[in-house]
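**Student:** fold the following and give me the result.
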Amino acid sequence: MEYFGYFASIIIGLSLGLIGSGGSILTIPILVYLFKINPELATSYSLFIVGITAFYGGYSHYKLGNLKLKTALYFAVPSVISILIIREVIFPKIASTLFTVASYAVSKDLLIMIVFAILMIGASISMIKKNKTEITNHKINYSQLAIIGALVGIVTGFLGAGGGFLIIPALLFFANLPMKQAVGTSLLIIFINSAIGFAGDLYLNTPIDYGFLLLISAMAFIGMFIGILLSKKIDGSKLKPVFGWFVLIMGIYIITKELFF
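**Tutor:** Numbers count the residues shown, from 1 in each chain. Model prediction:
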């Protein structure tokens, strides 16, 4: 299963490079089911893998002129604040076993995977449905952008997910960015969110296997490199529905496995 996990890690970068989202949605299931990593620790690992991959992708898009720094900062600052509150204050205080129903114990790990699966299903629906036409010549709504940034920070803090599937629509409709600029700017925001979240975990002395992380990140880098090359020739928005169906199946599988097997 580990060899399949390394191959699947390429898809993390491929998704980020092509459509600016979806990579973190895959990272947690890959770490938990293919590499047998504890879900709580997997959220930390996910922040590192997605963050370092997004950094490379964001820099590549910057050279292509697809990155809007001011917009990224308006989104990222409130997002970072939410991440720090969730991971440093709230997350460590959640008990390992939340409650028991009859003889069935609902654990923190189970909660992470179920919430993550619900997030995957929600993300898949947003990817599958046809996007509205991009709005043009409209003033950027920075206040709404900041609010959405704070909400994405909650998702990132709790689940170790970059939240690209939320960031892309926000940049399209509240920052009025074309698709390619939304992808590039999204990658910078994902990097900032993930880096701050992972740094917070280091502060809490979370045990980290850096050799493993660098290996998985290297595979994701390969996917990112391929994705960026393909993004020059392929419209990433056309691939979203296909990827969305894959994410939907994954989400349903996780819920089924965690609750019934």
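**Student:** what's the distance between S82 and L166?
**Tutor:** Per CB to CB, to the nearest Å, S82 is found 12 Å from L166. The way it works is simple: take the backbone N, C-alpha and C, and place the C-beta from them, glycine included.
**Student:** what segments of the stretch 51-200 of the chain are helices?
**Tutor:** Secondary structure of the stretch 51-200 of the chain, counting by DSSP state H, counting those that start in this stretch: helices at 69-84, 108-128, 142-159, 164-173, 179-203.
**Student:** can you list contacts of stretch 68-88?
**Tutor:** For stretch 68-88, the surrounding residues in contact (CB atoms under 8 Å, 6 or more residues apart in numbering) are 140, 142, 145-154, 156-158, 163, 167, 170-171, 175, 177, 181, 184-185, 188-189, 192-193, 196-197, 200-201, 203-204.
**Student:** mind listing what's buried along it?
**Tutor:** Of the residues in stretch 68-88, 68, 71-72, 74-76, 78-80, 82-84, 86-87 count as buried by neighbour count, 16 or more other CB atoms under 10 Å.
**Student:** lowest average confidence, helix or strand, in this protein?
**Tutor:** In the chain, no helix or strand scores lower on mean pLDDT, DSSP states H and E than helix 164-173, which sits at a mean of 75.
**Student:** pull out the CA atoms of that one and give them to me as CSV.
**Tutor:** The C-alpha coordinates for helix 164-173 follow below in CSV (Å, rounded to 0.1, in the frame of the first residue of the first chain):
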residue,chain,number,x,y,z
GLY,A,164,-8.3,25.8,-1.8
PHE,A,165,-11.8,24.8,-2.9
LEU,A,166,-13.1,27.7,-0.8
ILE,A,167,-10.3,30.1,-1.7
ILE,A,168,-10.7,29.8,-5.5
PRO,A,169,-14.4,30.9,-5.6
ALA,A,170,-13.7,33.7,-3.1
LEU,A,171,-10.9,35.0,-5.3
LEU,A,172,-13.0,34.7,-8.4
PHE,A,173,-16.1,36.5,-7.1
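**Student:** surely K36 is within a strand?
**Tutor:** No - assessed by DSSP: H, G, I helix; E, B strand; the rest coil, K36 does not belong to a strand; its assignment is coil.
**Student:** residues near it, how many?
**Tutor:** Using other CB atoms under 10 Å, K36 is surrounded by 11 other residues.
**Student:** now I11
**Tutor:** I11 is flanked by 20 other residues according to other CB under 10 Å.
**Student:** pretty sure it sits in a helix.
**Tutor:** Yes - looking at I11 with three-state DSSP, it is inside a helix.
**Student:** confirm for me that it is in contact with I25.
**Tutor:** No - I11 is beyond contact range of I25, at 10.5 Å (criterion: CB atoms under 8 Å).
**Student:** before we move on, the earlier item: so which of the buried residues of stretch 68-88 is the closest to V106?
**Tutor:** I86 (19.8 Å; CB to CB).
**Student:** contacts only, for the residue nearest to the closest one when sequence neighbours are not counted.
**Tutor:** Spatial nearest neighbour of I86, excluding adjacent residues (CB to CB, 6 or more residues apart in numbering): G157 at 2.8 Å. Applying CB under 8 Å, 6+ apart to G157 gives the contacts 82-87, 90-91, 197.
**Student:** what of T43?
**Tutor:** T43 is in contact with 28, 112, 158-160, counting by CB under 8 Å, 6+ apart.
**Student:** make CSV from those and add distance to K240 to it.
**Tutor:** Shown next, in CSV, are the contacts of T43 (distance: CB to CB, whole Å):
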residue, distance to K240
I28, 20
I112, 25
F158, 24
L159, 21
G160, 22
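**Student:** quick check: the farthest pair among these?
**Tutor:** Maximum pairwise distance in the contacts of T43, criterion CB to CB, is 11.4 Å, between I28 and F158.
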